[in-house]
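1. Model the structure of this input:
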Amino acid sequence: MAEAAREAWITGIGIVSCLGEGPQAHWQKLMEVHPSADTTTYAPFVVHPLAPINLDTQIPKKGDQRQMEPWQRIGTYAAGLALDSAGVKGKTDILSRMDMIVAAGGGERDLAVDANILSGIRAAANPGAFLNERLMSDLRPTLFLAQLSNLLAGNISIVHGVTGSSRTFMGEESAGVDAVRVAFARIVAGQSDIALVGGSYNGERLDSQMYFEFADLSLKDRLVPVWERTGRGGIALGSIGAFLVIEARKHAQARGAKPMARLVAVLSEQSKRAPGDVTAMLSHEWEAIKDKVQPGHAAIISGAGGAAPATGEERAFLEAHPDLAVRATGSYVGHGPEPQFAMNIALAVIALDHGSLFPPCDATGLERPMSGDLRQVIVTGVGHWRGEGLALVEKVG
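-> You can find the predicted model right below:
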């Protein structure tokens with residue numbers, strides 16, 4: 001955790017999900033306590049599809065839209081919303097030195113190519129030669145998987161003119177936590193004045209459903225709130241775009257920007273995931289922030305995905321802090337590994353702005369109403385396979 005006199009303010013948020021676009025749409029849906037998901041399009045898998053958005057408002061050139069995969073369009077759109085929110089959209093003097101830290105996966109597979117290869121390889125006289133020929137002729141030759149993750153940052157730079165330093169992190173949920181952690185650390189250390197940080201995920205993909213099903217991590221048949229997913233539980237993937245503008249206090253004040261919230265701490269760890277490791281690691285991170293937490297005015301927004309054993313072990317940590325009200329956003333927006341942490345920080349900012357939490361969505365009793373003004377939110381981010389993180393976000397003033 002970085003400590004310094006420089007404060008890190010959140011001055012802009014840009015979010016899109018199944019709940020809609022922007023803070024107002026998300027808060028309204030969260031207050032309604034009627035989570036929904038698509039249980040038919042990818043049956044038996046449960047998916048939270050992206051709500052309709054008008055791409056033209058943030059990606060005006062059709063050519064730019066066409067050359068992007070869906071996850072890139074989602075992320076570039078959300079990034080534009082964050083820049084608008086922070087009041088820096090189109091301000092070249094700021095964008096030219098704005099740092100960008102993106103959490104991204106390895107791109108989307110070409111399902112038609114995959115299907116043709118799987119169908120043809122069985123009858124091929126020389127399967128190895130057949131595979132090489134198909135890969136050479138059917139896939140785009142200019143890209144390989146390690147480059148695909150950089151395309152989101154590249155498109156944000158092209159479309160929105162963010163041309164300061166750029167970093168892209170891969171590694172599912174851990175990438176999202178570390179993207180925020182590094183942006184925060186650079187701000188408080190004086191290495192950066194303003195940063196755009198976040199990521200995106202397209203949950204409406206058959207290849208993603210296949211990956212999670214092979215690992216026995218999928219939620220099937222019907223939507224169930226996160227804490228009510230018994231046994232092996234399950235993850236309901238969601239299409240999510242989430243970006244934050246994190247800015248040094250003095251830099252924000254110099255341009256007349258108001259803080260939406262203050263980022264106080266960001267911690268990231270990786271345990272070996274032996275039984276009990278998630279609980280222990282979150283408890284270890286809690287020790288680093290507990291003296292900053294204001295009793296009676298703090299709550300937890302959890303990024304729990306819903307699959308065992310990670311979610312059960314996170315629950316054990318949460319139950320050790322019964323004085324803190326808990327909300328799992330995965331019940332509403334689903335789970336998008338890379339952008340989930342940034343999304344939950346954004347939702348924490350929205351809750352802080354309203355001074356209260358949205359209602360519980362849980363029949364197990366873990367989520368309870370909160371009394372008292374909300375002034376701080378602890379955000380958790382636990383990977384379905386690896387990585388544990390915490391952030392502390394608080395109201396300014």
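
2. So, low pLDDT: which residues of this structure?
-> Applying pLDDT under 70 to the chain flags residues 1-5, 139-147.

3. most remote residue from it's center?
-> Here the centre of the chain is the reference, and by Cα atoms, centre = their mean the most remote residue is Ala125, at 45.1 Å.

4. what helix or strand is it on?
-> Secondary structure assignment for Ala125, by DSSP states H and E: no helix or strand.

5. Can I get stretch 57-72 as PDB, trimmed to CA atoms?
-> Presented in PDB, the C-alpha positions along stretch 57-72 are these (Å, rounded to 0.1, in the frame of the first residue of the first chain):
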ATOM      1  CA  THR A  57     -21.800   9.000 -29.000                       C
ATOM      2  CA  GLN A  58     -18.400   7.800 -27.800                       C
ATOM      3  CA  ILE A  59     -16.900   6.100 -30.900                       C
ATOM      4  CA  PRO A  60     -18.200   8.400 -33.700                       C
ATOM      5  CA  LYS A  61     -16.300   6.800 -36.600                       C
ATOM      6  CA  LYS A  62     -18.000   3.700 -38.000                       C
ATOM      7  CA  GLY A  63     -14.600   2.500 -39.300                       C
ATOM      8  CA  ASP A  64     -13.300   2.500 -35.700                       C
ATOM      9  CA  GLN A  65     -16.300   0.600 -34.500                       C
ATOM     10  CA  ARG A  66     -16.000  -2.000 -37.200                       C
ATOM     11  CA  GLN A  67     -12.300  -2.900 -36.600                       C
ATOM     12  CA  MET A  68     -12.900  -3.500 -32.900                       C
ATOM     13  CA  GLU A  69     -14.100  -6.700 -31.300                       C
ATOM     14  CA  PRO A  70     -17.100  -6.300 -28.900                       C
ATOM     15  CA  TRP A  71     -15.000  -6.100 -25.800                       C
ATOM     16  CA  GLN A  72     -12.900  -3.300 -27.200                       C
END
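
6. Under a three-state scheme, what state does Glu313 occupy?
-> Classification of Glu313 using DSSP: H, G, I helix; E, B strand; the rest coil returns helix.

7. which residue packs closest to it, ignoring adjacent ones?
-> Nearest residue to Glu313 in three dimensions, chain neighbours excluded: Val278, at 3.6 Å (Cβ to Cβ, 6 or more residues apart in numbering). C-beta coordinates here come from the backbone N, C-alpha and C atoms, glycine included.

8. if I've got this straight, the one you found is in a helix?
-> Yes - under three-state DSSP, Val278 falls within a helix.

9. Tell me who's in contact with Trp9.
-> Contacts for Trp9 (Cβ atoms under 8 Å, 6 or more residues apart in numbering) come out as 246-249, 252, 257, 259-263, 396.

10. All the strands of the stretch 1-150 of the chain, residue numbers only.
-> Taking DSSP state E, counting those that start in this stretch, the strands of the stretch 1-150 of the chain run over residues 8-17, 20-21, 47-48, 99-103.

11. Just put those in JSON lines and tack on distance to Leu30.
-> Shown next, in JSON lines, are the strands of the stretch 1-150 of the chain (distance: least, Cβ to Cβ, whole Å):
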{"stretch": "strand 8-17", "distance to Leu30": "11"}
{"stretch": "strand 20-21", "distance to Leu30": "11"}
{"stretch": "strand 47-48", "distance to Leu30": "13"}
{"stretch": "strand 99-103", "distance to Leu30": "23"}
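
12. can you list contacts of stretch 270-288?
-> Counting by Cβ under 8 Å, 6+ apart, 1, 174, 265, 267, 269, 309-310, 313-314, 316-317, 320-321, 380, 382, 385-390 sit against stretch 270-288.

13. Got a PyMOL select line for the buried ones in the residues you listed?
-> A single PyMOL command is used to select the members of the contacts of stretch 270-288 judged buried by 16 or more other Cβ atoms under 10 Å:
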select buried, resi 1+174+265+267+269+310+313+314+317+321+380+382+387+388+389+390
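
14. Now intersect the contacts of stretch 270-288 with the strands, please.
-> Among the contacts of stretch 270-288, DSSP state E puts 265, 267, 269, 380, 382, 388-390 in strands.

15. between those residues, which is closest to Val46?
-> Val382 (19.7 Å; Cβ to Cβ).

16. Specify the beta-bridge partners of that closest one.
-> Glu388 (DSSP bridges).

17. Point me to the helix or strand that includes Gln191.
-> Applying DSSP H and E, one finds Gln191 in no helix or strand.

18. Count the neighbours of it for me.
-> Using other Cβ atoms under 10 Å, Gln191 has 12 neighbouring residues.
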